[in-house]
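[1] After the sequence you'll find the predicted model.
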Amino acid sequence: MKNKILLILSAVLIFASCEDFLNEKPRHKWDADAAVSTYDGAKKAVTGIYGSVMTGDGLGMDMTGRLCTKLAMAYAGTFQNDLYASYKSTNSPTALWNTAYSGINAANFAIEKISKLSDDIFPSAKAKNELLGEAIFLRGYFHSLVMLCYCYWWTDDDTSPYGVIYRNQSASPINTNIPRSTVGESWKQIFDDIDFGIQNMSETFTTPRKVSQIFAKAWKAKLLMVRGEFEDAEDLIDDCFDALPAAGIAMQADMAEHFNQAWDSKENIFVRYLEDDGNRTANAGPIMTRGAQYFAVAATWYTANGGYWYPYQQNATCGLVNTEAQVWMRADPRWKVVTGVSRHPLASYTTYHWTFTKLFRKGEYDGYYGTPKDEKYAIYFMRVPELYIMKAECLAHNGASYADAIAPINQMRAQRTNPVLPQIATPATQQEVWDIIYQEYCKELILENGCEFFAAARIPNNSGVSYLEASRSNRSQATDFTKMQWPIPSVEMINNLALAGMQNPGQD
């Protein structure tokens, strides 16, 4: 345990050399107080939070792929425990857990060091508060990911004891044993951090490679929607739309060009960036770079020696296993943009498969050895289209007319010219409204940030249950909401003595 704490303490001293290169590896480990003694050092401490979390699959495909599999929408064999909801603490996924708490620890380090600095070290008190706002928001953001993936996010019982392990101090031997907060306490702790960020972060948007006030409001809106608080969420979404023009954030007419540009697209609100340091493919994470291996169930194969494509792209599954979703996903004009062929990663296995190339691109082998290289493995934490779909869902929940509820989706679709997305006619029933909204989450955003899973849990299907339950039923899987999160990993349960008896029920 002592060695584990020392490793964590070392990790918080990782700073990027400038804000444009969030993943630069440090050449030295600095004395903590000496490192954060100037304005420049304070900025590096905050930038270092990103360096601690942006590599690997923790915030990306290890999370989003598992959620999509748990939804029984797209399936990767390596995630079969998610489909069957059969995780225990001993085999609980740890990538997101480790990544999130690494970010939390780095955020706490920055918060503690910056808070101790005199205001006159900074250009202004506002500049100091902006850095604190960014760090404190990130602490809340990472805790919220833990809440959504390992805790009872789905319950409206705020007295439930199965909330987060909220950490607001950097790691040390004296604060290892922290109990779980209740669900209600967890949401308050998370929203307090997010609200501090909204109130103190700069109103000027500079880059989608870092969090911003716009993203903080959009993320809070997403969490409020999980909580069923749609009126407040709608107000925040409207605030985001009002801020987009000044920020230079806008829909990109050519959807293919957006994904070609990846983290450089103006459509991004917050996106993962990887420094071009010669290790981009490795830093992206093995699941993110091996779409042909993980998300190509029943997909096309091709060999370099006179092989052939079969079936055609329109008939390929690209990992989709929900038979109903296959119909409306493949009929959508975006299907041929977001899917394509990606090569298997092994040099000796020259096969290609249809997969979601909007994320997996050409694959590890062709991406790295191609000319030019294709290594823009972005993670789209938030981009503009999601705001339109969120707005539509809030309107529907808040009692808007059928036409008004889908109007934001038609506004979004009208801004695409490649592919052309026809306007959706006014629905005849409320269920048609729900179908349009849910399907739009999937058609536009599948596998990007997990939003389709949480939308499915709250949007009703025409069979009288949620889309989550209907989708799992499509794959002959029952839905047990007490298994709709991962268990607290066994390492944490063993080392954190305050967790005795506090594992999620049925997941020990």
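    Looks like it came in fine.
[2] hey, let's count contacts and neighbours off CA atoms from now on
    Noted.
[3] Please go through this structure and pick out the longest helix.
    helix 125-150 (DSSP state H).
[4] for that helix, packing partners?
    helix 39-51, helix 95-116, helix 183-200 (3 or more Cα pairs under 8 Å, 6 or more residues apart in numbering; DSSP states H and E).
[5] What's the mean pLDDT across that helix?
    The pLDDT scores in helix 125-150 average 98.
[6] tally of neighbours for residue 71?
    30 (other Cα atoms under 10 Å).
[7] for it, what are its contacts?
    83, 453, 456, 468, 471, 472 (Cα atoms under 8 Å, 6 or more residues apart in numbering).
[8] Where does the residue nearest the centre of the chain sit: helix, strand or coil?
    The chain has residue 449 as the residue nearest its centroid, 3.5 Å off, counting by Cα atoms, centre = their mean. The three-state label for residue 449, taken from DSSP: H, G, I helix; E, B strand; the rest coil, comes out as coil.
[9] residues contacting it?
    60, 64, 379, 380, 381, 382.
[10] Looking at the contacts of residue 71, which are in strands?
    Among the contacts of residue 71, DSSP state E puts none in strands.
[11] Not counting sequence-adjacent ones, nearest residue to residue 221?
    Closest residue to residue 221 in three dimensions, ignoring its sequence neighbours and counting by Cα to Cα, 6 or more residues apart in numbering: residue 233, at 4.3 Å.
[12] Surely the one you found is within a strand?
    No: read with three-state DSSP, residue 233 is helix and lies in no strand.
[13] residues in contact with it?
    By Cα under 8 Å, 6+ apart, residue 233 lies in contact with 220, 221, 222, 224, 225, 394.
[14] you'd agree the last one is up against residue 234?
    Yes: counting by Cα atoms under 8 Å, residue 394 touches residue 234, with 5.8 Å between them.
[15] My guess is residue 148 contacts residue 485. True?
    Yes: between residue 148 and residue 485 there is a contact under Cα under 8 Å: 7.4 Å.
[16] Looking at those two, which has the bigger crowd around it?
    residue 485 (24 against 20).
[17] what's the distance between the more buried one and residue 83?
    Applying Cα to Cα, to the nearest Å, the value for residue 485 to residue 83 is 12 Å.
[18] just residue 343 next, same as before
    In terms of Cα to Cα, residue 343 sits 25 Å off from residue 83.
[19] Neighbour count for these two, which is higher?
    residue 343 (29 against 24).
[20] Now the more buried one: phi and psi?
    Main-chain torsions, residue 343, degrees, to the nearest 10: phi -90, psi 150.
[21] Need the pLDDT of it.
    The model's pLDDT for residue 343 equals 85.
[22] Hmm, residue 357 and it touching each other?
    No: using Cα under 8 Å, residue 343 is not in contact with residue 357; the gap is 10.4 Å.
[23] ok, residues contacting stretch 499-508?
    Under Cα under 8 Å, 6+ apart, the answer for stretch 499-508 is 87-90, 151, 161-162, 177-180, 482-483, 487-488, 493.
[24] now swap in stretch 477-496 and tell me
    By Cα under 8 Å, 6+ apart, the list of residues contacting stretch 477-496 reads 1, 70, 83-94, 97, 148-152, 154, 176-178, 468-469, 472-473, 499-500, 503-505, 507-508.
[25] Buried by neighbour count, from the residues you listed: which ones?
    70, 83-85, 87-89, 92-94, 97, 148-152, 154, 176, 468-469, 472, 499, 503-504, 507-508 (16 or more other Cα atoms under 10 Å).
[26] Next step: the residues you listed restricted to helices.
    70, 83, 97, 148, 149, 150, 468, 469, 472.
[27] quick one: which of the residues you listed is nearest to residue 46?
    Comparing those against residue 46 with Cα to Cα places residue 97 closest, at 20.3 Å.
[28] how near is the closest one to residue 34?
    30 Å.
[29] and which of the contacts of stretch 499-508 is nearest to residue 216?
    Of those, the one sitting nearest to residue 216 (Cα to Cα) turns out to be residue 151, at 21.4 Å.
[30] rewinding a little: phi, psi of the residue nearest to the centre of the chain?
    Per degrees, to the nearest 10, the backbone of residue 449 is at phi -150, psi 10.
[31] Would you check that residue 440 makes contact with residue 388?
    No: checked against Cα under 8 Å, the pair residue 440 and residue 388 is beyond contact range at 10.0 Å.
[32] So which of those two has more stuff around it?
    residue 388 (23 against 19).
[33] could you dump the contacts of residue 71 to TSV with distance to residue 431?
    Converted to TSV, those look like this (distance: Cα to Cα, whole Å):
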residue	distance to residue 431
83	26
453	19
456	14
468	15
471	16
472	19
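[34] among those, which two are most distant?
    83 and 456 (14.9 Å).
[35] need the contact list for residue 68.
    Residue 68 neighbours (Cα under 8 Å, 6+ apart): 74, 75, 446, 447, 450, 452, 453.
[36] Equivalent analysis for residue 224, please.
    By Cα under 8 Å, 6+ apart, the contact set of residue 224 is 230, 232, 233.
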